[in-house]
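Trainee: predicted model and sequence follow; I will ask about them next.
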Amino acid sequence: MADGTSTPVLGIIGGSGVYDIDGLTNKEWRTVESPFGAPSDQLLFGDLDGQKLVFLPRHGRGHRIPPSELNFRANIDAMKRAGVTEILSVSAVGSLKEDLPPGTFVIVDQFIDRTFARNKSFFGTGLVAHVSMAHPTCERLSDLVEQAAAEAGIVAVRGGTYLVMEGPQFSTKAESELYRQWGCDVIGMTNMPEAKLAREAEICYASVAMVTDYDCWHPDHDAVTVDAIVKVLLENADRARLLVKTVAPKVTGRSVPCAKGCHTALDNAIITHGEGRDASLVACLDAVAGRVL
Ligand SMILES: CSC[C@H]1O[C@H](OP(=O)(O)O)[C@H](O)[C@@H]1O
Ligand SMILES: Nc1ncnc2[nH]cnc12
């Protein structure tokens, strides 16, 4: 797959408000089975301006699954099995900065992971691996997203730290203020462990965080409500679809593997030797880590 001989396949993980992709040809929803359980939904396969694309609505069609119950491992494993080489995540977030008002798109480059109730690795007892997360998003894919946004007339800020909270409740004011002191830019509930698992699966990962609200720290926005979020979300979602449409043809013909190292993240990451390996775990990792096992 990501061995220098394959063609790029663009995966899109659609967050709140993005449950489908316009303009696909050869469109088909297909069930992809994973040894890690059920993904959030079927995957939508199609071509967008000649580029192979696979779409997954993160919370399922109809927004059925809350953040803590998302099977992130099944979602990423299914994407890998579908041949996806680059994932673009689009997500709704709250803003932690005055100068990132609702409607702003942020091309995230760092995360602080405050989640605690999720499976965060494909690896475990019987096959231990440690990948680098120093640079959790793919610079090459983020460059493309930045170019596409400029072409589509979408204002997108390059770089920003996304605080990932467990949810599903929104933050307390003290938490929101703490995250601001930490210098975070936006807050959401889903990009971790998604980004960690994409790295383990050797898939490029870029994230566009679409601001829907100012979170509760802001003097004019005492409490976050779903009603207020959904209003902004629907406008953001239209621009997210335009962004995807502009990004897709730019992916065509790109080299796999990515020069930034995403497709070789497991080189030198696995520490468990032959006889210490658990055969059943190794079998489950056929898609994620087959290249190095
Ligand atoms: C609908 S507001 C809260 C919800 O929206 C975000 O989801 P996603 O990242 O999938 O767009 C946020 O993380 C929460 O899950
Ligand atoms: N303020 C907020 N906190 C967490 N997740 C969000 N998603 C959208 N707005 C959010």
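Mentor: Sure thing, it's come through. Since this is a predicted model, take the numbers as computed values, not measurements. Ligands and ions are numbered 1, 2, ... in the order given.

Trainee: mind listing what the closest residue to ligand 2 within the stretch 1-150 of the chain touches?
Mentor: Ranked by CB to the nearest ligand atom, the top residue of the stretch 1-150 of the chain for proximity to ligand 2 is G94, at 2.3 Å. For every residue, glycine as well, the C-beta is placed using N, CA and C. Shown in contact with G94 (CB atoms under 8 Å, 6 or more residues apart in numbering): 170-171, 186-188, 211-215, 224.

Trainee: hmm, try it at 7 Å
Mentor: Taking CB atoms under 7 Å, 6 or more residues apart in numbering as the criterion, G94 is in contact with 186-187, 212-215, 224.

Trainee: now E146
Mentor: 107, 156, 158.

Trainee: cool, V32 as well?
Mentor: V32 makes contact with 39, 43, 78, 81-82, according to CB under 7 Å, 6+ apart.

Trainee: apply 10 Å and report the result again.
Mentor: Shown in contact with V32 (CB atoms under 10 Å, 6 or more residues apart in numbering): 38-39, 41-43, 45, 54, 56, 74-75, 77-82.

Trainee: near ligand 2 too, which of those?
Mentor: Checked against ligand 2 using CB under 6 Å from any ligand atom, those give no members in range.

Trainee: rewinding a little: lowest-confidence entry in the contacts of G94?
Mentor: pLDDT is lowest at V224 among the contacts of G94; the value there is 80.

Trainee: report how many residues lie close to it.
Mentor: 19 (other CB atoms under 10 Å).

Trainee: next, give phi and psi for it.
Mentor: Dihedral pair for V224: phi -90, psi 130, per degrees, to the nearest 10.

Trainee: okay, it and ligand 1: tell me how far apart.
Mentor: Look at V224 and ligand 1: by CB to the nearest ligand atom, to the nearest Å, they are 8 Å apart.
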